[in-house]
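Chemist: How does the following fold in three dimensions:
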Amino acid sequence: MRKLIIVGLGIAILGGAFLLSKYFKDNKKVSKQRVDKIEKTVFVENVINSTIPIVITANGNLKAKNKVELYSEVQGVLIPTGKDFKAGVIYKKGQSLLNINSNEHYASLQSQRSSLQNLVASIMPDLRLDYPDSFEKWNTYLKNFNINKSVSKLPKATSDKEKYFITGKNIYTTYYNIKNLEARLAKYNLRAPFDGVLTETLVTNGTLVRSGQKMGEFIDTSIFELQVSVNASYANILNVGKEVSLQNLEKTSLWAGKVSRINGRIDQSTQTVQVFIEVKGKDLREGMYLEANVPAKEEVNAIEIPRKLLIENKSVYIVKGNVLELVEITPIYFNEKTVVVKGLVNGTQMVSKPIAGGYSGMLIKVFTETNTTKSE
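Modeler: Have a look, this model is predicted:
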């Protein structure tokens, strides 16, 4: 009986606790959260359309317009020319750049000249008897023959018989062999084709060079070309002779150039065309990195804005009342940091600084000097 009383009391206590907790739960007041509408402050500027000059900016490395890669067409040992064959050495037009030992070749040439002289001397008696009209010109040629100088042109035959006679004596063959040797002798001494400087040297005095071996590079430092790639849509605007402004990366020096050539082919992968700008001036060096500003055309009723204000490259934010609105515009030309656009109405309040988390319909507050004064 005692146990039953204890169990009953336990059940009664649990039931009472359950009913009490339910009572407090049902009568609990839920406090309502206060939601404040947050208005972001934005910076704006009034749109003023005008005529914007489109200046195409491109960059590239300077290259010498006149450049010669020096290759040997003969074989031999290099001998001194009076100047060091080293990078940075300046040569005037006609000065000897390289001199290859030609003693062996010169001896062979002299042998052939002597043979020609003997052949001409051997036909003189026959000419006196069979071709008396031609004797005097060949006699004069023989008297003026100098084995140490370039062979003069042979006298012209006045008849077919005379030509066949001279041919039969192997004179023409010997003469052209000599002219070939003389032309080859000139290749043992490389001369500067223009005023310039050596930019690369691969051989030194005493080196045995072989035919076809590259020996160095020689450039003209008075005139350079800058190759840049320009959007194909502007290819029809550019023309040869257009003035171009060039500057270095530090923007501390300026040079004036002009368009000298325009490639007739458009690069399919980049849709650009190669433009070559000719430039002269002090302190220019091959390989120097320059930026070119090419005036293309003027765009009317347009405005230039920072690129960071573009949304997906086709829209910008404007303000109507106190609401943000996204409007589409037409980009005309992209510079490095700015873009020329059309499609904005004069007087429109355009957002002038990017808005983090902005969206169309967002409530905003336009920044003014009054706002700043109040906050202070």
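Chemist: Please name the residues that touch Gln95.
Modeler: The neighbours of Gln95, taking CB atoms under 8 Å, 6 or more residues apart in numbering as the test, are Lys83, Arg191, Ala192. For glycine as for every other residue, the C-beta is placed from the backbone atoms N, C-alpha and C.
Chemist: the helices in the protein, which residues?
Modeler: Assigned by DSSP state H, the helices in the chain fall at 2-26, 103-130, 132-143, 160-168, 171-186, 369-375.
Chemist: As CSV, these with mean pLDDT and mean neighbour count would be great.
Modeler: Below are the helices of the chain laid out as CSV (pLDDT from 0 to 100; neighbours: other CB atoms under 10 Å):
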stretch, mean pLDDT, mean neighbour count
helix 2-26, 66, 9
helix 103-130, 92, 15
helix 132-143, 90, 14
helix 160-168, 90, 14
helix 171-186, 94, 15
helix 369-375, 44, 9
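Chemist: Quick one: closest of those to Leu70.
Modeler: helix 171-186 (14.7 Å; CB to CB).
Chemist: What is that closest one packed up against?
Modeler: Applying 3 or more CB pairs under 8 Å, 6 or more residues apart in numbering; DSSP states H and E, one finds that helix 171-186 contacts helix 103-130.
Chemist: packing partners for the helix it packs on?
Modeler: Packed next to helix 103-130, using 3+ CB pairs under 8 Å, 6+ apart, are helix 132-143, helix 160-168, helix 171-186.
Chemist: so which of those helices gets nearest Tyr106?
Modeler: Closest of the helices and strands packed on helix 103-130 to Tyr106 is helix 171-186, at 6.5 Å (criterion: CB to CB).
Chemist: quick one: that closest one to helix 132-143, angle?
Modeler: Angle, helix 171-186 to helix 132-143, by axes from the mean of the first three to the mean of the last three CA atoms, to 10 degrees: 30 degrees.
Chemist: Dump helix 171-186 to PDB, restricted to CA.
Modeler: Output of helix 171-186 as PDB, limited to C-alpha atoms (Å, rounded to 0.1, in the frame of the first residue of the first chain):
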ATOM      1  CA  ILE A 171      90.000  32.900-123.600                       C
ATOM      2  CA  TYR A 172      86.300  33.500-122.600                       C
ATOM      3  CA  THR A 173      86.200  30.600-120.200                       C
ATOM      4  CA  THR A 174      89.400  31.800-118.500                       C
ATOM      5  CA  TYR A 175      88.100  35.400-118.300                       C
ATOM      6  CA  TYR A 176      84.900  34.400-116.600                       C
ATOM      7  CA  ASN A 177      86.700  32.100-114.200                       C
ATOM      8  CA  ILE A 178      88.900  35.100-113.200                       C
ATOM      9  CA  LYS A 179      85.800  37.300-112.600                       C
ATOM     10  CA  ASN A 180      84.300  34.600-110.400                       C
ATOM     11  CA  LEU A 181      87.500  34.400-108.400                       C
ATOM     12  CA  GLU A 182      87.600  38.200-108.100                       C
ATOM     13  CA  ALA A 183      84.000  38.300-106.800                       C
ATOM     14  CA  ARG A 184      84.900  35.600-104.200                       C
ATOM     15  CA  LEU A 185      88.000  37.500-103.200                       C
ATOM     16  CA  ALA A 186      85.800  40.500-102.100                       C
END
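Chemist: and the direction of it versus that of helix 103-130, what angle?
Modeler: Going by the same axes, to 10 degrees, helix 171-186 makes 160 degrees with helix 103-130.
Chemist: Check what contacts helix 171-186 and list those residues.
Modeler: The contact list for helix 171-186, computed with CB under 8 Å, 6+ apart, reads 73-74, 102, 105-106, 108-109, 112-113, 115-116, 119-120, 123, 150-151, 154, 166.
Chemist: Next, the buried residues of the longest strand along the chain.
Modeler: If you go by DSSP state E, the chain has its longest strand at strand 289-306. The neighbour-count check on strand 289-306 (16 or more other CB atoms under 10 Å) flags Leu290, Glu291, Ala292, Val294, Ala296, Glu299, Ala302, Ile303, Glu304, Ile305 as buried.
Chemist: Repeat that for stretch 312-328.
Modeler: For stretch 312-328, by 16+ other CB under 10 Å, it's Ser315, Val316, Tyr317, Ile318, Val319, Leu324, Glu325, Leu326, Val327.
Chemist: quick revisit: now tabulate the helices and strands packed on helix 103-130 in TSV and tack on distance to Glu336.
Modeler: Shown next, in TSV, are the helices and strands packed on helix 103-130 (distance: least, CB to CB, whole Å):
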stretch	distance to Glu336
helix 132-143	73
helix 160-168	74
helix 171-186	52
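Chemist: before we move on, back to that, which of the contacts of Gln95 lies closest to Lys342?
Modeler: Ala192 (55.1 Å).
Chemist: confidence score at the closest residue to the closest one other than its chain neighbours?
Modeler: With CB to CB, 6 or more residues apart in numbering as the criterion, Ala192 has its nearest non-adjacent residue at 4.2 Å, and that residue is Tyr91. On pLDDT, Tyr91 comes in at 93.
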